[in-house]
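Chemist: give me the fold of what follows.
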Amino acid sequence: MIPTTGQRHTQKIFGAIDLYDTRFFYHQDSVFNAQTYVHFLERLAASYEPRTVYLVHDNAAYHKAPEVRQWLHERGHHFHLCPLPPYSPEFNAVERIWHHVRLKATHNRYFGTEQELKETLHSTFRSIQRSPEQITGYLQPFL
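Modeler: Residues are numbered from 1 along each chain as shown. Take a look at the predicted model:
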């Protein structure tokens, strides 16, 4: 018997992986929308200025929102979003990171509280940031 609360607590996490330096970035928020995505882009851009960034992303509606387009217009010479073809997660390197996190942190585990889940995810993400060699094998197809 596995205990359960009967509730599903999903987490909204933006993520990006630098394929060349194996740097992992993430931002946890309450919702996925244009405002929270722009906030993630701001944090990501601050880590790379003045270098040029090409961010591959899926086709979520908020990626094409007016707020995101405005943000890109203001920073377009340093920051470029590259949309993937529809329904092609196999081309998105960060999907491999999510797979790793599920295997190492959340698969077949019971979390009594949402806070316990958040802490486990944060701990796993920090581990990836401190020891990126644990994910380099996942990234080989993209290099």
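
Chemist: contact partners for Phe111?
Modeler: His9, Leu117, Thr120 (C-beta atoms under 8 Å, 6 or more residues apart in numbering). (Glycine included, C-beta is placed from N, CA and C.)

Chemist: on the three-state scheme, it is what?
Modeler: coil (DSSP: H, G, I helix; E, B strand; the rest coil).

Chemist: for it, phi and psi?
Modeler: phi -120, psi 120 (degrees, to the nearest 10).

Chemist: any idea how far His63 is from it?
Modeler: Separation of Phe111 from His63 (C-beta to C-beta, to the nearest Å) stands at 29 Å.

Chemist: with Glu90 instead?
Modeler: For Glu90, the distance to His63 - C-beta to C-beta - is 18 Å.

Chemist: tell me the pLDDT at Thr4?
Modeler: pLDDT recorded at Thr4 is 68.

Chemist: what does the one 10 residues further on give?
Modeler: At Phe14, the pLDDT value in this model is 96.

Chemist: which elements pack onto the longest helix anywhere in the chain?
Modeler: Selection of the longest helix in the chain by residue count, based on DSSP state H, yields helix 114-130. Here helix 114-130 touches strand 23-29, helix 93-101, going by 3 or more C-beta pairs under 8 Å, 6 or more residues apart in numbering; DSSP states H and E.

Chemist: can you rerun that using 6 Å?
Modeler: Helix 114-130 sits against strand 23-29, with contacts defined as 3 or more C-beta pairs under 6 Å, 6 or more residues apart in numbering; DSSP states H and E.

Chemist: just how off-centre is the strand it packs on within its chain?
Modeler: For strand 23-29, the separation from the chain centroid amounts to 5 Å (computed by C-alpha atoms, centre = their mean, to the nearest Å).
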